[in-house]
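Undergrad: Have a look at this prediction, sequence included:
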Amino acid sequence: MSSSEKEGWRKIPRGCSILRPGNSEVNETGTWRTYRPIHSQDKCIQCLQCWIVCPDDAIVVEDEKVVGVDLYHCKGCGICAVQCPAKPKAFEMKLETEFAE
């Protein structure tokens, strides 16, 4: 029996492991979404709270202003919409099925 056969399941990488830094940037995880955040520039007060709390770093900021959402990485958790202090809120969560082609 070869050494790789002896290792068996031990050779398979552990799930939920970060095997190398920055690997989430190369994996498009936005297809997991049920809800899509829609950002309104008109309602946004540019407090950047959404950017601070986004667990996927999906809030796009340019020149210290929120300009949109990286839908390739956004998983639709809605934390940005909940955290937004603007009245009315600058984010609206819509069902992803509304955008199906």
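TA: Now that the structure is in, tell me what you want to look at. Numbering: from 1, shown residues only.

Undergrad: Now the residue nearest in space to the middle of the chain: closest residue in space that isn't a chain neighbour?
TA: In the chain, the residue lying closest to the centroid (C-alpha atoms, centre = their mean) is C74, at 2.6 Å. Counting by C-beta to C-beta, 6 or more residues apart in numbering, C74 lies nearest to A58, which is 3.8 Å off, once chain neighbours are set aside. The way it works is simple: take the backbone N, C-alpha and C, and place the C-beta from them, glycine included.

Undergrad: What are the neighbouring residues in contact with that neighbour?
TA: Residues near A58 by C-beta atoms under 8 Å, 6 or more residues apart in numbering: 30, 69-71, 73-75.

Undergrad: Which positions in the helix or strand hosting C80 come out as buried?
TA: Applying DSSP states H and E as the criterion places C80 in helix 79-83. Residues of helix 79-83 classed as buried by neighbour count (16 or more other C-beta atoms under 10 Å): 79-81, 83.

Undergrad: At which residues are the strands of the chain located?
TA: Ranges of strands in the chain, per DSSP state E, are 35-39, 59-62, 65-69, 91-95.

Undergrad: Go through those and pick out the most buried.
TA: Comparing these by mean neighbour count (mean count of other C-beta atoms under 10 Å), strand 35-39 ranks first with a mean of 19.

Undergrad: Could you list the paired strands of that one along with their orientation?
TA: Using DSSP bridges, strand 35-39 pairs in its sheet with strand 91-95 (antiparallel).

Undergrad: what ranges of the protein fall below the confidence cut-off?
TA: Scanning the chain for pLDDT under 70 picks out 1-6, 13-14, 16-24, 101.

Undergrad: mind listing the helices for it?
TA: Using DSSP state H, the helices of the chain run over 3-7, 49-53, 79-83.

Undergrad: quick one on the thing from earlier: please produce JSON lines containing the contacts of A58, extended by distance to Q41.
TA: Listed next are these as JSON lines, based on distance: C-beta to C-beta, whole Å:
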{"residue": "G30", "distance to Q41": "21"}
{"residue": "V69", "distance to Q41": "12"}
{"residue": "D70", "distance to Q41": "16"}
{"residue": "L71", "distance to Q41": "16"}
{"residue": "H73", "distance to Q41": "20"}
{"residue": "C74", "distance to Q41": "17"}
{"residue": "K75", "distance to Q41": "23"}
